[in-house]
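Participant: What follows is a predicted structure for the sequence shown.
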Amino acid sequence: MQGDAVHPRRSSGWCWLGAVCVGVVVLVVVWLYRAPALGLHWMLAAHGLADTASPRVGEGAGVAAYCVDIQAHPVQGLQNNLSGLTFNAETQTLFAIINRPAAVAELSLDGVLMRHMPLSGVADPEGITHVAGQWFVVADEASNQVYWLEIGPGERRAAVHPQPLLPVQLGGIGNLGLEGVSWDQDRGVLVVVQENLPQRVWVLEGLQPPDGPLPSSAIRAREWAPDGWLARVTADQSSITVRSDNGRWLMLSAASALVVEYTPDGALVGLMPLWRGQHGLQQKVPQAEGIATDDSGRLFVVSEPNLFYRFKAQALCG
């Protein structure tokens with residue numbers, strides 16, 4: 001019947017509108033996942049035109065040279081929400097943060113649970129870093145603040161210092177705020193990352209433990225950024241660690257399943273995909289939330305819900 005017929009021009013208009021909407025969605029996804037930049041760096045590395053292909057002599061192995069040593073190992077005694085990670089050179093152990101319910105776990109370098117400590121004073125801790133002695137710093141996404149944390153030997157419970165490090169909040173809104181934190185021993189600065197919208201990195205100078213002579217107001221915060229838009233290759237930032245052997249920064253992305261290595265001045269120098277078939281992985285790392293390196297150059301990653309990974313430089317792998 002003529003009244004029920006679809007007008008050809010109206011149908012064509014809806015098709016064009018649908019095509020435009022699909023195109024916009026594709027462009028947004030491509031941009032969020034940094035596909036152009038990642039593809040360019042991958043191509044350069046594959047043809048030996050970038051530092052991602054090989055480490056520099058004397059500076060420690062680049063992340064491209066690593067292979068997995070322990071993979072997808074469930075940490076017995078932990079069930080869910082395994083998040084940030086740090087290495088304590090003084091105890092030769094790892095400390096991990098669990099965000100809900102808040103807790104700190106001490107792990108061996110083989111991923112064995114040694115101690116579990118309920119943590120009070122923060123609602124959604126996402127990052128942890130060892131500074132010196134018994135002092136750590138914790139990043140809390142709920143308050144978008146960073147706090148001192150003291151953990152003595154044998155303690156079974158822990159509480160952050162009630163006074164936050166900064167007089168103002170860092171980070172974004174909702175579940176996209178502060179995700180990672182790492183202490184740069186050589187430069188004496190604290191590096192803090194925001195997950196997304198936007199991805200941001202702060203460098204905090206003037207840090208001292210709560211019983212030090214300087215107040216928190218003496219801490220200075222400056223923003224850090226990679227060197228150019230092509231150096232941003234991840235869809236989010238879930239953790240960060242500063243390598244002790246060469247001072248480079250390793251940025252972890254859960255959404256991209258990727259480790260990106262930067263120099264402190266922002267140059268991208270290494271890529272390590274945490275994908276199936278890469279670096280000896282039998283399966284993709286499902287949700288990488290924490291990263292750390294030890295003083296022998298090994299690299300550790302923890303993934304929700306409770307998975308532990310260890311990587312070694314290629315020359316050390318069997």
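Facilitator: That came through fine.
Participant: didn't V181 look like it was pressed against A139?
Facilitator: Yes - here V181 lies in contact with A139, judged by C-beta atoms under 8 Å, at a distance of 4.2 Å. The C-beta positions use only the backbone N, C-alpha and C, and glycine is treated the same way.
Participant: isn't there a strand covering V192?
Facilitator: Yes - assigned with DSSP: H, G, I helix; E, B strand; the rest coil, V192 falls within a strand.
Participant: So for V181 and A139, which residue has more residues nearby?
Facilitator: Neighbours around V181 and A139, counted as other C-beta atoms under 10 Å, are more numerous at A139. The numbers are 34 against 28.
Participant: Check the spacing between the closest residue in space to the more buried one that isn't next to it in sequence and V193 real quick.
Facilitator: Distances taken as C-beta to C-beta, 6 or more residues apart in numbering place G127 nearest to A139, at 3.7 Å, with adjacent residues excluded. Distance, G127 to V193, by C-beta to C-beta, to the nearest Å: 8 Å.
Participant: Name all residues that sit in contact with these two at the same time.
Facilitator: Common neighbours of G127 and V193 (criterion: C-beta atoms under 8 Å, 6 or more residues apart in numbering): 178-181, 239-240.
Participant: Among the residues you listed, which lie within strands?
Facilitator: Using DSSP state E, the subset of those located in strands is 178-181, 239-240.
Participant: most surrounded residue in these?
Facilitator: Counting by other C-beta under 10 Å, S239 has the largest number of neighbours within those, with 33 neighbours.
Participant: out of G127 and V193, which sits in the busier spot?
Facilitator: Using other C-beta under 10 Å as the criterion, G127 and V193 rank with G127 on top: 30 against 27.
Participant: if you skip the residues just before and after it, what's nearest to V131?
Facilitator: Of all residues beyond its chain neighbours, the one nearest V131 is W183 (4.8 Å), with distances taken as C-beta to C-beta, 6+ apart.
Participant: Isn't that neighbour up against G127?
Facilitator: No - checked against C-beta under 8 Å, the pair W183 and G127 is beyond contact range at 11.0 Å.
Participant: Correct me if wrong, but V137 is in a helix.
Facilitator: No - with the criterion set as three-state DSSP, the secondary structure at V137 is strand rather than a helix.
Participant: ok, back up a step: pLDDT for the shared contacts of G127 and V193 - can I get that in TSV?
Facilitator: As requested, the shared contacts of G127 and V193 are arranged in TSV below (pLDDT from 0 to 100):
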residue	pLDDT
L178	92
E179	92
G180	94
V181	97
S239	97
I240	97
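Participant: out of those, who's nearest R156?
Facilitator: Distance from R156 was checked for each of those by C-beta to C-beta. The minimum falls on V181, at 23.7 Å.
Participant: which ones are touching the closest one?
Facilitator: V181 makes contact with 84, 127-129, 137-139, 146, 190-193, 240 under the criterion C-beta under 8 Å, 6+ apart.
Participant: between those, which is closest to F300?
Facilitator: Closest approach to F300 among those (C-beta to C-beta): G84, at 11.5 Å.
Participant: ok, the host helix or strand of that closest one: who's next to it in the sheet?
Facilitator: The secondary structure element spanning G84 is strand 82-88 (assigned by DSSP states H and E). Neighbouring strands of strand 82-88 in its sheet, by DSSP bridges, are strand 93-99 (antiparallel).
Participant: Same question for the helix or strand hosting T129: list its buried residues.
Facilitator: Secondary-structure assignment from DSSP H and E places T129 in strand 125-132. Judged by neighbour count (16 or more other C-beta atoms under 10 Å), strand 125-132 contains these buried residues: 125-131.
Participant: try stretch 293-304
Facilitator: In stretch 293-304, residues buried by neighbour count (16+ other C-beta under 10 Å) are 293-294, 297-304.
Participant: ok, now stretch 85-93?
Facilitator: Within stretch 85-93, the residues that qualify as buried by neighbour count (16+ other C-beta under 10 Å) are 85-88, 93.
Participant: Ends of it, what's the gap?
Facilitator: Distances were taken as C-alpha to C-alpha, to the nearest Å; on that basis the terminal residues of stretch 85-93 are 11 Å apart.
Participant: before we move on, what about stretch 169-185?
Facilitator: The distance separating the two terminal residues of stretch 169-185, taken as C-alpha to C-alpha, comes to 24 Å.
Participant: mind listing what's buried in it?
Facilitator: Buried residues in stretch 169-185, defined by neighbour count with 16+ other C-beta under 10 Å: 170-172, 176-184.
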